[in-house]
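**Student:** predicted model follows, preceded by the sequence.
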Amino acid sequence: AQKITQTQPGMFVQEKEAVTLDCTYDTSDPSYGLFWYKQPSSGEMIFLIYQGSYDQQNATEGRYSLNFQKARKSANLVISASQLGDSAMYFCAMREGAYNTDKLIFGTGTRLQVFP
Amino acid sequence: EADIYQTPRYLVIGTGKKITLECSQTMGHDKMYWYQQDPGMELHLIHYSYGVNSTEKGDLSSESTVSRIRTEHFPLTLESARPSHTSQYLCASSENLFGGNTGELFFGEGSRLTVL
C-alpha cells in the first residue's frame, strides 16, 4: 500500500498567487515526521519544511507553510506569492521506523509550473 | 549548506562495465542512503546504512552493492552495468534522532548514469 500519496501529477499557478500541493500519508506509528523537498530541473533535492507528528502548530518557513491535519493524515504544502523560480518537482516524504532505524519514504511528486 | 559530495556527476558507459559511484559526507552522520530516481519520477530507496559495517537493502530491489567501511564514505558499485541501470542515483545522509533532530536528509547533487 502506498504510504505517501500525492494525487496531483502537475499543477499550474500564476505568479504571485498561492498554491496548495496535496499530500496524504499512512502510518500506524504515533511518532513520525513529514517533509517537503523541492527538486528543480538541475536535479538536486532542496529541503523546504518539516512537521513532527507531535507538533501542535503548523510549520512555516518563509513563503512555505504546511497544513497539517493529523486526523485526516494530510500534510499539504502551501506556497504563498508564487515566483517563477518555484517551478520544480515537489516531493512529500515521511520518516518512519523506530528510533535510529528510521528512513524516509517519498511520494510520486507534483510538478509545479508557475507562469507570468 | 550540506557537505555531501557525489562523483561522478555524469557517467556514460558501455554495457558490461563495472562502475562505482562515490559518496562522501563531512558532517559525521551515521546514517547514509542511496536513492534511485528516473527523470521526473519518485525516489526509490535502494540501500541504507546506520553506521560503519552496517548496510541494508531498501524497498526497491537493486543489482548494485554498497559498503560502509568509514563513516564518511558510502560507495555504490555495479559489477556489470546494463541499459536498465540508466537512472539518477542520489546519495543522502542524516543525523541520529535525538536532541530535537528531525531526521532531515541532506542530499548530494546526484550521479546521472547512462548505460549504452
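**Tutor:** That came through, no problem. Fair warning: this is a prediction, and the values are worked out from it, not measured in the lab.
**Student:** enumerate the beta-bridge partners assigned to the residue of chain B found nearest chain A.
**Tutor:** Residue nearest to chain A within chain B: residue B:107 (4.0 Å; C-beta to the nearest C-beta). Backbone N, C-alpha and C define where each C-beta goes, glycine included. Legend: beta-bridge partners of residue B:107 under DSSP bridges are residue B:92.
**Student:** which residues does it contact?
**Tutor:** With contact set as C-beta atoms under 8 Å, 6 or more residues apart in numbering or on different chains, residue B:107 has these partners: A:44-45, B:2, B:4, B:90-92.
**Student:** kindly report the same for residue A:44.
**Tutor:** Under the criterion of C-beta under 8 Å, 6+ apart, the neighbours of residue A:44 are B:107, B:109-110.
**Student:** now, the contacts of residue B:107 that are in strands?
**Tutor:** B:4, B:90-92 (DSSP state E).
**Student:** would you turn those into a markdown table with pLDDT and neighbour count?
**Tutor:** Listed next are these as a markdown table, based on pLDDT from 0 to 100; neighbours: other C-beta atoms under 10 Å in any protein chain shown:
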| residue | pLDDT | neighbour count |
| --- | --- | --- |
| B:4 | 95 | 21 |
| B:90 | 96 | 24 |
| B:91 | 97 | 28 |
| B:92 | 96 | 26 |
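**Student:** phi first, then psi, for the residue in chain A that chain B sits nearest to.
**Tutor:** Closest contact between chain A and chain B, by C-beta to the nearest C-beta, is at residue A:45 (4.0 Å). Torsion angles at residue A:45 (phi, psi; degrees, to the nearest 10) stand at phi -100, psi 120.
**Student:** closest to the centroid, which residue in chain B?
**Tutor:** Residue closest to the average C-alpha location in chain B (C-alpha atoms, centre = their mean): residue B:34, at 2.9 Å.
**Student:** just the C-alpha atoms of the helix or strand harbouring that one, please, in CSV.
**Tutor:** Assigned by DSSP states H and E, residue B:34 falls within strand B:31-37. Output in CSV follows, covering the C-alpha atoms of strand B:31-37 (Å, rounded to 0.1, in the frame of the first residue of the first chain):
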residue,chain,number,x,y,z
LYS,B,31,23.1,7.3,8.6
MET,B,32,23.5,7.2,4.8
TYR,B,33,21.2,6.3,2.0
TRP,B,34,21.1,5.7,-1.8
TYR,B,35,18.0,6.5,-3.8
GLN,B,36,17.4,5.7,-7.4
GLN,B,37,15.3,8.1,-9.5
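**Student:** by contact count, what packs against that strand?
**Tutor:** strand A:103-106, strand B:19-25, strand B:43-51, strand B:87-94 (3 or more C-beta pairs under 8 Å, 6 or more residues apart in numbering or on different chains; DSSP states H and E).
**Student:** please identify the pairing partners of it and their relative orientation?
**Tutor:** Here, using DSSP bridges, strand B:31-37 pairs with strand B:43-51 (antiparallel), strand B:87-94 (antiparallel).
**Student:** list of residues touching the shortest one?
**Tutor:** For strand B:87-94, the surrounding residues in contact (C-beta under 8 Å, 6+ apart) are A:43, A:45, A:104, B:4, B:6, B:21, B:23, B:25, B:27, B:29, B:31-39, B:43, B:74, B:76, B:103-108, B:110-113.
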